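Asks: generate coordinates for the sequence data below:
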Amino acid sequence: MTYSKKFPSGLRLVVKKIDGLLSVSMGILAGTGSCFETEEENGISHFIEHMMFKGTAKRSAFEISDAMDRIGAQVNAFTSKDITCYYAKSTSDHAGEAFEILSDLVLNSVFPEEEMEREKGVVAEEIAMTEDTPDDLCLDLLAEAYFGNKGYGRTILGPAENVRKFERQDLYSYIRERYNPENLVVSFAGNIGPEEAEALVEKYFESALEKRKFRGRDKVIELCGQSLFKYKDIEQVHIALAYPSLKREDEMMDAALVVNTVLGGGMSSRLFQKVREEMGLAYTVYSYISSFTEGGTLAVYAGVNAANLQRAKDAVLQTIAQLRKTGLTNDEFSRGKEQLKSSIILAQENTASQMITYGKYMLFNDRVFDFEQRIRAIDAMTMEDCERALAMNFDDTRMAASVVGKIKEPLKIH
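Replies: Down below sits the predicted model:
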């Protein structure tokens, strides 16, 4: 069963009760991330996520981790372009203790100066690690090539020089503006009932929330269609292409996901079979869709030898052109639907996945995710739906590209 509630402050709760388990995953999701940041703030959402674990008014950084370890619970967090999520997983009998600790670190963090200085060094190393991970660097560059250096084009980690300048007051100011009750969702999935979950949220979170009015931020959306490159003295060249795709809740999204599966979503996909198996040009080649509230991208990535860059690019473009020309075969359509369904069904067996799925859906749509309806919609999908999605996902005039490796000029895309 699934339960939801909106508290007087505007805070929303969603509970996915899953019988037969002995554990529960819980999360506090904030509708903020790098796409909401200004140029000077870029990286602050992620830095705040790190600093939330560095001490509260009643617990030190060690005491937070020690308290979770004492009850055998796991705790972590992540930041994306438009979400920051703090989450924990515990046995059902320790759900109350785990949620109290999670609430404490989100609501009562004090950001000690000495911890801030240490964590700036940690995040700077994380940024440097991305610079040394060329596939990650290539995909970050692709976002900038497509969206520009603002909004969804901003990196999640931000530049190191920004992180080094952040002060405690900067963190508090950003939290006051973005961690508002109306911009927060608490999500539970697993062996916990609605009554218990609601009581925990009321006791440890809702009652302690500062009831300040939410002031949204307009995201700057700008489609640039650039080709960007970064020289790196490495063996492989990493190439990525991005096309316009659909927004998060578009009625054609499932059909687009099937199209993506056929194109580059697995070992039987056309890109894998053509670029790797037939031509031997890449070890890794795939495609994926990133969807946001306002739109999205369908991206293709491959890592190739520098001498094969042009051949690999041509092979990718030819594979896309052939798919657009001939459409999906009946076998590809059937296989793609089953892969999409199985990914959703298998995720139902993972409480962490369910906590995030139901929490994100509530955060962005202000209603409960309907699993059965999603499966029915996939079952009802037709080949014509996929043909429509195929026509909506590849606009060559708005394509963007990025390349990282021993190259001296951007990739020619138009």
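Asks: distance check, the residue lying farthest from the centre of the chain against residue 13.
Replies: Distance from the C-alpha centroid of the chain peaks at residue 307, with 33.3 Å (CA atoms, centre = their mean). Using CB to CB, to the nearest Å, residue 307 is found at 56 Å from residue 13. To be clear about C-beta, it is placed using only N, CA and C from the backbone, and glycine gets the same treatment.
Asks: would you agree residue 389 is in contact with residue 256?
Replies: Yes. With contacts counted by CB atoms under 8 Å, residue 389 reaches residue 256, the gap being 4.2 Å.
Asks: against which helices or strands is the helix or strand harbouring residue 142 packed?
Replies: In the assignment (DSSP states H and E), residue 142 maps to helix 134-147. Secondary-structure packing of helix 134-147 (3 or more CB pairs under 8 Å, 6 or more residues apart in numbering; DSSP states H and E): helix 113-131, strand 227-231, strand 236-245, strand 296-305, strand 400-405.
Asks: need the CA coordinates for the last one. PDB is fine.
Replies: These are the backbone C-alpha positions of strand 400-405, laid out as PDB (Å, rounded to 0.1, in the frame of the first residue of the first chain):
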ATOM      1  CA  ALA A 400      25.700  19.000 -29.100                       C
ATOM      2  CA  ALA A 401      29.000  17.100 -28.800                       C
ATOM      3  CA  SER A 402      32.000  16.800 -26.500                       C
ATOM      4  CA  VAL A 403      35.400  15.200 -26.800                       C
ATOM      5  CA  VAL A 404      38.100  14.500 -24.300                       C
ATOM      6  CA  GLY A 405      41.500  13.200 -25.200                       C
END
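Asks: by contact count, what packs against that strand?
Replies: If you count contacts as 3+ CB pairs under 8 Å, 6+ apart, strand 400-405 packs onto helix 134-147, strand 227-231, strand 236-245.
Asks: what's next to the helix or strand just after the helix holding residue 142, contact-wise?
Replies: Per DSSP H and E, the first helix or strand lying C-terminal to helix 134-147 is helix 160-165. Contacts to helix 160-165, defined as CB atoms under 8 Å, 6 or more residues apart in numbering, come from residues 40-44, 47, 120, 123-124, 127-128, 157.
Asks: most centrally placed residue in the protein?
Replies: Judging by CA atoms, centre = their mean, the chain has its centre closest to residue 80, at 4.8 Å.
Asks: give me every residue that touches that one.
Replies: Shown in contact with residue 80 (CB under 8 Å, 6+ apart): 33-34, 156.
Asks: quick revisit: shared neighbours, residue 389 and residue 256?
Replies: Residues touching both residue 389 and residue 256 (CB under 8 Å, 6+ apart): residue 246.
Asks: so how far is stretch 161-176 from its chain's centroid?
Replies: In terms of CA atoms, centre = their mean, to the nearest Å, the centre of stretch 161-176 is set 23 Å apart from its chain centre.
Asks: do me a favour and get the end-to-end distance for that stretch?
Replies: One end of stretch 161-176 sits 23 Å from the other (CA to CA, to the nearest Å).
Asks: kindly report the same for stretch 79-94.
Replies: One end of stretch 79-94 sits 26 Å from the other (CA to CA).
Asks: ok now it, how far from the chain's centre?
Replies: Centre-to-centre, stretch 79-94 and its host chain are 14 Å apart (CA atoms, centre = their mean).
Asks: in that stretch, what counts as buried?
Replies: For stretch 79-94, the neighbour count (16 or more other CB atoms under 10 Å) marks 79-91, 94 as buried.
Asks: quick check: the residue farthest from the centre of the chain vs residue 281, distance?
Replies: Counting by CB to CB, the gap from residue 307 to residue 281 is 10 Å.
Asks: could you do residue 33 as well?
Replies: Relative to residue 281, residue 33 is positioned 35 Å away (CB to CB).
Asks: again, but for residue 39
Replies: According to CB to CB, residue 39 and residue 281 sit 38 Å apart.
Asks: those two - which one has more neighbours?
Replies: More crowded of residue 39 and residue 281, by other CB atoms under 10 Å: residue 281, with 21 against 11.
Asks: quick one: contacts for that one?
Replies: Residue 281 makes contact with 275, 302, 304-305, 308, 311-312, 315 under the criterion CB under 8 Å, 6+ apart.
Asks: what's the most distant pair in the residues you listed?
Replies: Greatest spacing in the contacts of residue 281, by CB to CB: 305 and 315 (13.2 Å).
Asks: quick one: which of those two has more around it?
Replies: The neighbour count for residue 305 versus residue 315, taken as other CB under 10 Å, is higher for residue 315 (22 against 14).
Asks: low pLDDT regions in the stretch 51-200 of the chain?
Replies: For the stretch 51-200 of the chain, no stretch is flagged by pLDDT under 70.
Asks: what does stretch 134-145 rub up against?
Replies: So stretch 134-145 is contacted by 130-131, 152-155, 224-230, 232, 234, 236, 238-242, 284, 299, 301, 303, 400-405 (CB under 8 Å, 6+ apart).
Asks: mind giving me the ChimeraX select for those, buried ones only?
Replies: To isolate the buried members of the contacts of stretch 134-145 in ChimeraX, using 16+ other CB under 10 Å:
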select :130,152,153,154,155,224,225,226,227,228,229,230,232,236,238,239,240,241,242,299,301,303,400,401,402,403,404,405
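Asks: quick one on the thing from earlier: and which of the contacts of residue 281 is nearest residue 363?
Replies: residue 302 (33.3 Å).
Asks: now do the contacts for the closest one.
Replies: 238-240, 271, 275, 281-282, 284-285, 312, 316.
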